[in-house]
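A structural model of the following input is requested.
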Amino acid sequence: MKIFNTLTRQKEEFVPLEEGKVKMYVCGPTVYNLIHIGNARPMIIFDTVRRYLEYKGYEVNYVSNFTDVDDKIIKKAIEEGVSAEEISQRYIEECKKDMAGMNVKPATTHPQATQEIDGMISMIQTLMDKGYAYAVADGTVYFRVKKFKEYGKLSHKNLDDLQSGFRALQVSGEDQKEDPLDFVLWKPKKEGEPYWTSPWCDGRPGWHIECSVMSKKYLGDEIDIHAGGEDLIFPHHENEIAQSECCNDKIFARYWMHNAFLNIDNRKMSKSLGNFRTVREISEQYDLQVLRFFMLNAHYRSPLNFSADLMESSKNALERITEAAGRLKDRKEKASAVELTEAEEKLLAEAEGYVKKFEEAMEDDFNTADALAAVFELVKFANTNVTEESSAAFAEGILEILVKLCDVLGLAAVKKEEILDKEIEDLIAERQEARKAKNFARADEIRDELLAKGIILKDTREGVKWKRA
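Below you'll find the predicted structure:
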């Protein structure tokens, strides 16, 4: 399996730090509003990377944070006359709803910056003790960039060029810096802002330190994969490397993955241009599976253009998959013959070739566009070879392959309504077993869960009947 490593600018064979396990950190959103489709791209892409690693048998510890203290959050809180915490918690919940709609699996851990302040203070103190950080008169703590000799290795930026660029960017309050390149680790509070007590001043952390601390706490000093949008390469990820490697005296991340930008109608997404699109807005027009398909239908390192025409094409393409799965399911249920014939065994073996094509695409730097092409080849194969004379076993075998590949991509080959109905039937069956075992507490929990889904149960002599409210 090869991954394009931003650090080395080349594809490298993936070798995990620990056999059979992957430690992966993905920078999450700043939660001050509904997430937009630019936020959605890394969520979908790296969720798919995780899914493929798990498909290959790796145990993946996947950490993705929520930045819940930030200037934008504070500004929104002041505008609404509520606390910053209320704003962040509101939009964390809204973000999770959108992630569920896009079929993005919950992370192993979703840490929040405000819950990790003690760890940030501890790391900053370590950096100060080692001489990599310093405090100035007002309590601001800065990182000494030039003391870390490898600064710029991820972004491939030259320190001298950065130095000349920063001379014109000096702003009031930064004249206490030893060097214009030094960046903030801790800053003093302002009137009306949330703050925490530290050895240097009452204040809050800089943005970059939070990911270094949360990665260290939940994954360890060294991790396998660090990922995010390409806009994070500099300065965010560059600064993470500096902080983490100076603190821990170890390589921070072995592989760095970054997705390219998303444009709208060939223009950068911007509120001022009136082309700003939230995931929630898209969900009012399309099932978010369509958005996921759209995102996967291009290589993650290629710039992607969002348009109404491309979304319609994605919708139609996804329907081809679900319709093919529906025909296979129908054929399986209506087939008169049950067992595979000798000819069908050969065809089923041939269908496994599309799995091989799919895996080859995914193992070449997670090329989801080519992986989807393999899925469509399988759909064409199914439409051609599964006929009214086919056995139930043959239709089921092809369906299982199709569902398996779509599951890796986070796409539902079977329509959502059918998945929901199966989920409900499974819950009803579990409830019946709980009642037989006289586990009435669990039976009541399931009943309440079904009611929350709008399901009304009725016990009859023939069994349990259900309908949607």
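
once you drop chain neighbours, what's closest to residue 134?
residue 142 (6.0 Å; Cβ to Cβ, 6 or more residues apart in numbering). No exception for glycine: its C-beta is placed from N, CA and C like everyone else's.

name the SS class of residue 224, please.
strand (DSSP: H, G, I helix; E, B strand; the rest coil).

show me the residues around it that make contact.
14, 16-17, 22-24, 253-255 (Cβ atoms under 8 Å, 6 or more residues apart in numbering).

distance check, it against residue 49.
11 Å (Cβ to Cβ, to the nearest Å).

shared neighbours of the two, anything?
With Cβ under 8 Å, 6+ apart, residue 224 and residue 49 have common neighbours residue 24.

so which strand or helix has residue 465?
If you go by DSSP states H and E, residue 465 is part of strand 463-468.

which parts of the strand or helix carrying residue 217 are buried?
For residue 217, the host element (DSSP H and E) is helix 207-219. Within helix 207-219, the residues that count as buried by 16 or more other Cβ atoms under 10 Å are 207-216, 218-219.

identify the residues contacting residue 278.
33-37.

got phi/psi on residue 30?
phi -90, psi 120 (degrees, to the nearest 10).

and for it, nearest residue in space, chain neighbours not counted?
That would be residue 67: by Cβ to Cβ, 6+ apart, it lies 4.2 Å from residue 30.

how many residues are close by that neighbour?
For residue 67, the count of nearby residues is 20 (other Cβ atoms under 10 Å).

residues contacting it?
With Cβ under 8 Å, 6+ apart, residue 67 has these contacts: 28-31, 113, 207, 210.

closest to residue 60 out of the residues you listed?
residue 28 (16.2 Å; Cβ to Cβ).

just the contacts of residue 278 now: which is nearest residue 360?
residue 37 (29.3 Å).

isn't residue 50 up against residue 105?
Yes: using Cβ atoms under 8 Å, residue 50 is in contact with residue 105, at 7.0 Å.

those two: who's more crowded?
With neighbours defined as other Cβ under 10 Å, residue 50 and residue 105 compare such that residue 50 has more, 25 against 15.

is it true that that one lies in a helix?
Yes: the assignment for residue 50 (three-state DSSP) places it in a helix.

how close does it sit to residue 366?
Distance from residue 50 to residue 366, by Cβ to Cβ: 10 Å.

give me the nearest residue to residue 431, chain neighbours excluded.
residue 446 (4.2 Å).

helix, strand or coil: sort out that neighbour for me.
Once three-state DSSP is applied, residue 446 turns out helix.

which ones are touching it?
Contacts of residue 446 (Cβ under 8 Å, 6+ apart): 427-428, 430-431, 434.

adding secondary structure, neighbour count and pLDDT, write the residues you listed out as CSV.
Output for the contacts of residue 446, formatted as CSV (DSSP: H, G, I helix; E, B strand; the rest coil; neighbours: other Cβ atoms under 10 Å; pLDDT from 0 to 100):
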residue, secondary structure, neighbour count, pLDDT
427, helix, 18, 84
428, helix, 19, 85
430, helix, 15, 87
431, helix, 21, 87
434, helix, 18, 85
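
wait, which of these is closest to residue 380?
With Cβ to Cβ as the yardstick, the closest approach to residue 380 among those comes from residue 427, at 36.1 Å.

touching, the closest one and residue 450? I think so.
Yes: Residue 427 is in contact with residue 450 according to Cβ under 8 Å; the separation is 6.0 Å.

quick one, helices of the stretch 1-150 of the chain?
Taking DSSP state H, counting those that start in this stretch, the helices of the stretch 1-150 of the chain run over residues 37-55, 71-80, 84-101, 117-129.

any idea which of those helices is most buried?
helix 37-55 (a mean of 23; mean count of other Cβ atoms under 10 Å).

what helices or strands is it leaning on?
strand 21-26, strand 59-64, strand 223-229, strand 253-259, strand 262-264, helix 279-283, helix 288-296, helix 392-409 (3 or more Cβ pairs under 8 Å, 6 or more residues apart in numbering; DSSP states H and E).

paired strands for the shortest one, with orientation please.
Looking at strand 262-264 with DSSP bridges, its partner strands are strand 267-268 (antiparallel), strand 304-306 (parallel).

quick one: mean pLDDT over the longest one.
I take that to be strand 304-306. The pLDDT scores in strand 304-306 average 95.

pipe the contacts of residue 67 into a markdown table and attach distance to residue 440 and pLDDT per row.
Formatted as a markdown table, the contacts of residue 67 follow (distance: Cβ to Cβ, whole Å; pLDDT from 0 to 100):
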| residue | distance to residue 440 | pLDDT |
| --- | --- | --- |
| 28 | 40 | 96 |
| 29 | 42 | 96 |
| 30 | 45 | 95 |
| 31 | 40 | 96 |
| 113 | 42 | 96 |
| 207 | 50 | 91 |
| 210 | 45 | 97 |
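
need the residues you listed in TSV (columns: distance to residue 8).
Shown next, in TSV, are these (distance: Cβ to Cβ, whole Å):
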residue	distance to residue 8
28	25
29	28
30	29
31	33
113	30
207	26
210	26
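
looking at the residues you listed, which is nearest residue 262?
Nearest member of these to residue 262, counting by Cβ to Cβ, is residue 29, at 14.1 Å.

any idea how far residue 84 is from the most centrally placed residue in the chain?
In the chain, the centroid-proximal residue (Cα atoms, centre = their mean) is residue 43; its distance is 2.8 Å. As judged by Cβ to Cβ, residue 43 and residue 84 stand 23 Å apart.
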